[in-house]
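A.B. asks: below is the structure, and that's it, no one-letter string:
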């Protein structure tokens, strides 16, 4: 495959098609889990480190998304935990399992909350340990990961577990080994040749929005009014969002 804009478009379109063909059942099961948590008074706790934080941002706090959602991030160590800013400069912070316990302790978590954890590799210490803590504390867990990549590399967690091993529902983002689709030298294997054209951010966003739409569909079908954000950049958006956020004061970090 040649390298270029059209080649990337073809590759990412194929990946989206693959997700559409293979993940519909998992999307429905993830929506069932999240809908049940919201009806019980819980919120969605979303976490991703590195570029997987983009998936958490798709879930928590965006226009068209669920108000009952909170984003956990590595920066919480500084913003809410009093750690020195320099801790975020640690190049392998997301590989340290001990960080996960601190993040869980700092988060505004309640027993009925459900978690969505994203990691393309699904093997770094923070995501695996956070997933372990989530299940240890009785929460539902949806994982968004690349099974192709995750199963091809050793885990960095001492338990030998991967994110996918711990989740109630696994959404496979369809990303290839290494997450990139266009090798600079097609004659070499993916672990030998550099490549470009990342896939997981695109397919992860598609999966996240599919799940949100399924949750909202279930609530509408049941005659419920789903707590959904308007864009802050449309008239009345601020007022609409503030009213809904007030219902979750202290539960989501966009409120006091």
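C.D. replies: Nice, thanks for sending it over. Just so we're clear, the structure is a prediction, and the values are computed from it rather than from any experiment. Residues are numbered from 1 along each chain as shown.

A.B. asks: identify the residues contacting the closest residue to residue 70 other than its chain neighbours.
C.D. replies: Take residue 70 and drop its neighbours on the chain: the residue closest to it by CB to CB, 6 or more residues apart in numbering is residue 252, 4.4 Å away. For glycine as for every other residue, the C-beta is placed from the backbone atoms N, C-alpha and C. With contact taken as CB atoms under 8 Å, 6 or more residues apart in numbering, residue 252 is in contact with 43, 60, 61, 67, 68, 69, 70, 108, 245.

A.B. asks: which parts of the stretch 51-200 of the chain are helices?
C.D. replies: 53-59, 76-79, 97-106, 125-136, 147-150, 163-166, 200-221 (DSSP state H, counting those that start in this stretch).

A.B. asks: export those as CSV, with columns for distance to residue 114 and mean neighbour count.
C.D. replies: Formatted as CSV, those follow (distance: least, CB to CB, whole Å; neighbours: other CB atoms under 10 Å):
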stretch, distance to residue 114, mean neighbour count
helix 53-59, 11, 23
helix 76-79, 19, 16
helix 97-106, 14, 18
helix 125-136, 9, 23
helix 147-150, 21, 20
helix 163-166, 14, 22
helix 200-221, 10, 20
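
A.B. asks: circling back to that earlier point, pick out the lowest-pLDDT one from the contacts of residue 252.
C.D. replies: In terms of pLDDT, the least confident member of those is residue 61, at 91.

A.B. asks: ok, now how distant is that residue from residue 46?
C.D. replies: Going from residue 61 to residue 46 by CB to CB, to the nearest Å gives 9 Å.

A.B. asks: which one's more surrounded, the two?
C.D. replies: Neighbours around residue 61 and residue 46, counted as other CB atoms under 10 Å, are more numerous at residue 46. The numbers are 28 against 20.

A.B. asks: what's the helix or strand that one falls within in contact with?
C.D. replies: Assigned by DSSP states H and E, residue 46 falls within strand 44-48. The contact list for strand 44-48 (CB under 8 Å, 6+ apart) reads 34, 37-38, 54-56, 59-60, 66, 68-73, 103, 107, 109, 113-119, 127, 130, 139, 144.
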